[in-house]
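Asks: What would the 3D arrangement of this be:
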Amino acid sequence: MAGQDIETNIETWITGIGLASSLGEGIEANWDALLAGDVKVDTTTFAPFVVHPFAPVNFDKQIAKKGDQRQMEAWQRIGTYTAGLALDSAGIKGNTEILGKTDMIVAAGGGERDLTVDGAIMTERARGNADPALLNSKLMSELRPTLFLAQLSNLLAGNISIVHGVTGSSRTFMGEEAAGVDAVRIALARIASGQSDIALVGAAHNGERKDMLMLYEFGNYNLKGGFAPVWSRAPKGGFALGSGGAFLVLESKRHAEARGAKPFAKISRVVADRAVRKQSGRIATSLDGLWAKLRIGAGPTAIITGVTGAEPATAEERKFLEHHKDIPVRATATRFGHMVEAQFPLGLALAALAIKHHKLFPPGDKSGAEIEMTTAPSQIVVVGTGHWRGEGMALVEPV
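Replies: Residues are numbered from 1 along each chain as shown. The predicted structure follows:
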């Protein structure tokens, strides 16, 4: 995952933000919920696991055709819907000329499984019917054409292209939290090098999935037994999966000015690493190195982190943050849950909103890890530490 660090000579603006989560639909609804200190969790539906459920939305507003909606699973509907919000925010929704050259970079997981078909196959196997012909029959007769055991990762980008007409180049990255970092890093690199003028980048996640909760439980990653802020889950730790999407429209300053677009903020640098985590302390060392590469300037600084709550990664990130204890920190997972691939784009979206509103949203817990910030931030560092691999950082600044 670690790649060449991006020196951006072409200033890159965030001109559109699409955000939908457990806290609501749209940037203002989510911002207002942050200011109010809202946290919305479900501790019963998937007990003993905790999830942050997706807020009710009318998908018709961004995905007009019911047929399109029906062939998508939840993560695709969330992502396609949120991408539409970002295009609306940037003022390019329906502009075929601009959308025709808009690059798209999506971070995606492995897609959703059809649990009904899975259950039927497992039931037959438990009854002693393990005939390969049965499996072939189920695959041919009971799965949708868009499924092969699980949905393909690039279907989200495909649906965004079909529904919203985004027809520039398209890339889909896999790799959990690291994929979200690299999606933004590559989008910035293309704009900084002049290969692209405008890009739609982001991800979506459905945390209300029994199959994913089961898989993460095999690794002992899930938060169980009740909600707690992310900094207060040690020593056992764990993450509460969140449902939501975060998409950004990134645009060169020249292109944005030519069409009269107003920026939320600019992304100055994105850096990434993949520490070998076999020895304690490697994550903190990696984060220290990334911080140095960002070349943080003087002035009021804040940190927005996608720290997951899972151990030992969370404890190591906290060691890194101890080196910057005077800087206010906000953990997105406390308010939104852990949205895996979407966690880093989420942090960038919130950083841009904080820059726009000239203030950081309030602390999310009382552990002492998050302190008040009374001045407007002049720069915000977005941190992404994967629950078991990958680290990344971005520097977001006012225009």
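Asks: Which parts of the chain belong to which domain?
Replies: For the chain, automatic domain parsing gives the domain ranges 12-113+149-397, 115-147.
Asks: starting at the chain centroid, how far to the longest one?
Replies: In terms of C-alpha atoms, centre = their mean, to the nearest Å, the centre of domain 12-113+149-397 is found 3 Å from the chain centre.
Asks: what's the span of it from first residue to last?
Replies: End-to-end distance for domain 12-113+149-397: 11 Å, by C-alpha to C-alpha, to the nearest Å.
Asks: what bits of the stretch 1-150 of the chain have low per-residue confidence?
Replies: By pLDDT under 70, the low-scoring segments of the stretch 1-150 of the chain are 1-8, 143-150.
Asks: can you give me the strands for it?
Replies: Ranges of strands within the stretch 1-150 of the chain are 12-21, 24-25, 51-52, 103-107, 147-148, 150-151, based on DSSP state E, counting those that start in this stretch.
Asks: which residues in the protein form helices?
Replies: 27-36, 66-70, 74-90, 96-99, 115-126, 132-142, 155-164, 177-192, 210-218, 253-258, 282-294, 313-322, 332-336, 343-357 (DSSP state H).
Asks: quick one: which of those helices is nearest residue 240?
Replies: helix 332-336 (7.3 Å; C-beta to C-beta). (C-beta placed from N, C-alpha, C; glycine too.)
Asks: before we move on, back to that, so which of the domains of the chain is the most packed in?
Replies: domain 12-113+149-397 (a mean of 21; mean count of other C-beta atoms under 10 Å).
Asks: Next, the contact list for the closest residue to residue 31 other than its chain neighbours, please.
Replies: Nearest non-adjacent residue to residue 31, counting by C-beta to C-beta, 6 or more residues apart in numbering: residue 353, 5.4 Å away. Shown in contact with residue 353 (C-beta atoms under 8 Å, 6 or more residues apart in numbering): 17, 27, 30, 31, 264.
Asks: Repeat that for residue 358.
Replies: Residue 358 neighbours (C-beta under 8 Å, 6+ apart): residue 376.
Asks: between the strands of the stretch 1-150 of the chain, which gets nearest to residue 74?
Replies: Residue 74 lies closest to strand 150-151 among the strands of the stretch 1-150 of the chain, at 10.5 Å (C-beta to C-beta).
Asks: List the residues that contact the residue lying closest to residue 263 once chain neighbours are set aside.
Replies: Counting by C-beta to C-beta, 6+ apart, residue 13 is the residue found nearest to residue 263 once chain neighbours are left out, at 3.8 Å. By C-beta under 8 Å, 6+ apart, the contact list for residue 13 reads 250, 251, 252, 253, 256, 261, 263, 264, 265, 266, 267, 399.
Asks: so residue 33 sits right up against residue 26, yeah?
Replies: No: the criterion here is C-beta atoms under 8 Å, and residue 33 misses it with residue 26 at 10.6 Å.
Asks: Please tell me how far the spatially most central residue of the chain sits from residue 251.
Replies: Taking C-alpha atoms, centre = their mean, the centroid of the chain lies closest to residue 342, which sits 1.1 Å from it. Distance, residue 342 to residue 251, by C-beta to C-beta, to the nearest Å: 20 Å.
Asks: And residue 99, by the same measure?
Replies: 13 Å.
Asks: do residue 398 as well
Replies: Distance, residue 398 to residue 251, using C-beta to C-beta: 16 Å.
Asks: ok, now which ones touch the residue in the chain sticking out farthest from the centre?
Replies: Distance from the C-alpha centroid of the chain peaks at residue 128, with 42.0 Å (C-alpha atoms, centre = their mean). Taking C-beta under 8 Å, 6+ apart as the definition of contact, residue 128 has no neighbours.
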